[in-house]
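Trainee: Give me a model of this one.
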Amino acid sequence: MWGAIALLIAIAPIPARGEETAQAPAATIETTVEAGEAGAEEPRRRVTKNEFDWPVTTFHYGLGFLLEYDSYSQDDESKQQLSLEPDAGVRDARLLFRGRFKTERPLTWSIGYMYDHSNRSWHFRQTGLMIGFPELKGNLFIGRTKEGYSMTKVMTGYHIPTMERSPALDAFVPILADGIKWLGYFPGPEIFFNLGVYTDSLEESASFATYDHQQVLRVGWLPIQDEKAGKLLHVAVMGRNGEPDEGFLQQRARPEANFAPYFVDTGRFAANHVLTTGIETYYRDGPWLFGAEYNFQDIDTTDDRHPRFQGGNIIAAWIVTGETRPYNVAGGGYFTDFSPKRPVFAGGPGAWEVVLNMSYLDLDDGTFQGGKVWRVTPMVNWHLVDYLKLQMAYGYSVLDRFGLEGSTQFFQARLVTYF
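Mentor: Numbers count the residues shown, from 1 in each chain. The predicted structure is shown next:
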């Protein structure tokens, strides 16, 4: 573990002289947007080692690396439902490149390349062009990107307060899609939205290509935003309309532990149409963050069944050391990670964040018996510096499946770097 930390420190970008002891940037409503992974464009401390100014374009390189350890304690019913074994390894590794062309019209580009532990394979992540249209108060992305459904799904996985997204989002919404997405923001009424149209024509064999076509709309409003006090209220609704790949669908999810097997699973079934709808709200008051998301999925099967699945999560997070999570409205309406006011390598304590999350997913309806699962997770995030944090979590989960209700305790730890 400590050898890995030393390696990450050695390869991370070096802050400009004196900046590591300076105060972190104040939390503001960020209104810029680039073609990079969500959150990559946030105004954290300036670095010099990984940013270059070339004649035609700027160039930024970065990486993400995540080591994880998961272990479990099961009761007798849980052991009858499934088998769990402790595991450790690389949860995620990715190379990131982005830049801004020196054109009159805003034009940025990004390339992401990621190792997926679940499939033991490398594939391109957010890769494409972002074209700015200031006169229309929006930006157009063309390429591979997040669909835009749900704040938690839009956020970079390295930046969410929890270790994993909720099982409902993992079951209902693929992590990536190929297509075009319009992001709009109207600063007067403080309304933002994104509208995307996607297809699997470019890479139908990819694990995320579970739909032939899908359309996604998300609309949000900020009725409260007091930058001086750090207060913000975010409310959004979203919808997703899709046609399953080759007329078949399988909804399943892990229990917020990537090395664990799928806890709930409908099995593969014939379906011709899926409508997913959801609502989300988040309130930030300085170092405090409260939020909730809930989603419904209505499916039309080829044998005229119409199951409805549902699920979501509730979260509360407190940054004990006083930092505030920044928020980007023009880039899609999401929170991102923050800089410690007093980094560890400058003699400070870093930033400490405590989190309590509860998630729920129901894949039972009529003849569909995929199972129900809920989990409560208290956890701690220790941000040593901008680019390095440790996460420690305990989870208690109950799975209702196979005519049994089995409980599982989770013990998880992560080492995370991202820049």
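Trainee: Residue 323 and residue 230: what is the separation?
Mentor: 10 Å (C-beta to C-beta, to the nearest Å). Bear in mind the C-beta positions are built from the backbone N, C-alpha and C, glycine included.
Trainee: Which one's more surrounded, those two?
Mentor: Under the criterion of other C-beta atoms under 10 Å, the comparison of residue 323 against residue 230 puts residue 323 first, with 23 against 20.
Trainee: from what I can see the more buried one touches residue 289, true?
Mentor: No: with contacts counted by C-beta atoms under 8 Å, residue 323 stays clear of residue 289, the gap being 11.0 Å.
Trainee: just checking, what packs against the strand or helix carrying residue 299?
Mentor: Using DSSP states H and E, residue 299 falls within strand 288-301. In this structure, strand 288-301 makes packing contacts with helix 151-154, helix 167-172, strand 269-285, strand 308-319, judged by 3 or more C-beta pairs under 8 Å, 6 or more residues apart in numbering; DSSP states H and E.
Trainee: do that again at 10 Å, thanks
Mentor: helix 151-154, helix 167-172, strand 231-244, strand 248-249, strand 269-285, strand 308-319, strand 351-365 (3 or more C-beta pairs under 10 Å, 6 or more residues apart in numbering; DSSP states H and E).
Trainee: Check which strands are paired with it and give the direction for each one.
Mentor: According to DSSP bridges, strand 288-301 forms sheet pairs with strand 269-285 (antiparallel), strand 308-319 (antiparallel).
Trainee: TSV for the helices and strands packed on strand 288-301, including mean pLDDT, mean neighbour count and distance to residue 87?
Mentor: Compiled in TSV, the helices and strands packed on strand 288-301 are given as follows (pLDDT from 0 to 100; neighbours: other C-beta atoms under 10 Å; distance: least, C-beta to C-beta, whole Å):
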stretch	mean pLDDT	mean neighbour count	distance to residue 87
helix 151-154	96	24	24
helix 167-172	98	25	18
strand 231-244	98	20	31
strand 248-249	96	18	28
strand 269-285	98	18	30
strand 308-319	98	20	24
strand 351-365	98	21	21
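Trainee: mind checking which of the ones you listed is nearest residue 184?
Mentor: Of all the helices and strands packed on strand 288-301, it is strand 231-244 that lies closest to residue 184, at 13.3 Å by C-beta to C-beta.
Trainee: mind saving the C-alpha coords of that closest one as PDB?
Mentor: Taking C-alpha atoms only, strand 231-244 is exported to PDB below (Å, rounded to 0.1, in the frame of the first residue of the first chain):
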ATOM      1  CA  LYS A 231     -25.400  27.700  -0.100                       C
ATOM      2  CA  LEU A 232     -27.000  26.000  -3.200                       C
ATOM      3  CA  LEU A 233     -30.200  24.100  -3.900                       C
ATOM      4  CA  HIS A 234     -30.300  22.000  -7.000                       C
ATOM      5  CA  VAL A 235     -33.500  20.400  -8.300                       C
ATOM      6  CA  ALA A 236     -33.700  18.300 -11.500                       C
ATOM      7  CA  VAL A 237     -35.900  15.900 -13.400                       C
ATOM      8  CA  MET A 238     -34.700  13.500 -16.100                       C
ATOM      9  CA  GLY A 239     -36.000  11.000 -18.700                       C
ATOM     10  CA  ARG A 240     -34.500   8.400 -20.800                       C
ATOM     11  CA  ASN A 241     -36.200   6.600 -23.800                       C
ATOM     12  CA  GLY A 242     -34.400   3.600 -25.300                       C
ATOM     13  CA  GLU A 243     -34.700   0.500 -27.500                       C
ATOM     14  CA  PRO A 244     -32.800  -2.500 -26.100                       C
END
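Trainee: That one vs strand 288-301, what angle?
Mentor: 20 degrees (axes from the mean of the first three to the mean of the last three C-alpha atoms, to 10 degrees).
Trainee: mean confidence score for the strand holding residue 299?
Mentor: The average pLDDT within strand 288-301 is 98.
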